[in-house]
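Chemist: Need coordinates for the following:
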Amino acid sequence: MTRISTSERFDKLDQSVDRQHFEVLNEETMTVEVGRYKAGTSEPKNPHTGDEIYYVIEGSGMARVGDETYGISAGDVVYVESGNEHDFFNIEEEIKVLIVLAGKEEPAAYTMREETEE
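Modeler: This is a model prediction of the structure:
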């Protein structure tokens, strides 16, 4: 068993002005991160080679997965199947998420797309 404090990881993330993600756990079959998306921004993401789960800890805004768009808030789970483009946009309150990435990503596959106006 491994216990990791996400609040400590969020504290480290809060101390960094230019970082949006901080790794919590990195194992052979999955990576877990905490993420922060600031209010008034959009966060486009490239498709990945593994499935992803975003658990919204706090905040609100919109999420797009493929062709579907959803309002999100604290307590919601966003599931992204492998290969789907996905975005957080119209972020009303800063969003903090716990991210579970299945499988291993190549660094080049885990990059941000250009921001789009919504």
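
Chemist: Chain neighbours aside, what residue packs nearest to Ile95?
Modeler: Gly59 (3.5 Å; CB to CB, 6 or more residues apart in numbering). No exception for glycine: its C-beta is placed from N, CA and C like everyone else's.

Chemist: Can you classify the one you found as helix, strand or coil?
Modeler: Using DSSP: H, G, I helix; E, B strand; the rest coil, the structure places Gly59 in strand.

Chemist: Note down every partner strand of the helix or strand bottoming out on mean pLDDT in the chain and its orientation.
Modeler: Between all helices and strands in the chain, the lowest mean by mean pLDDT, DSSP states H and E belongs to strand 43-45, at a mean of 76. Neighbouring strands of strand 43-45 in its sheet, by DSSP bridges, are strand 86-102 (antiparallel).

Chemist: before we move on, the earlier item: which of the residues in the least confident helix or strand of the chain are classified as buried?
Modeler: 43, 45 (16 or more other CB atoms under 10 Å).

Chemist: Equivalent analysis for stretch 47-60, please.
Modeler: Neighbour-count burial for stretch 47-60, counted by 16+ other CB under 10 Å, picks out 48, 50-54, 56-57, 59-60.
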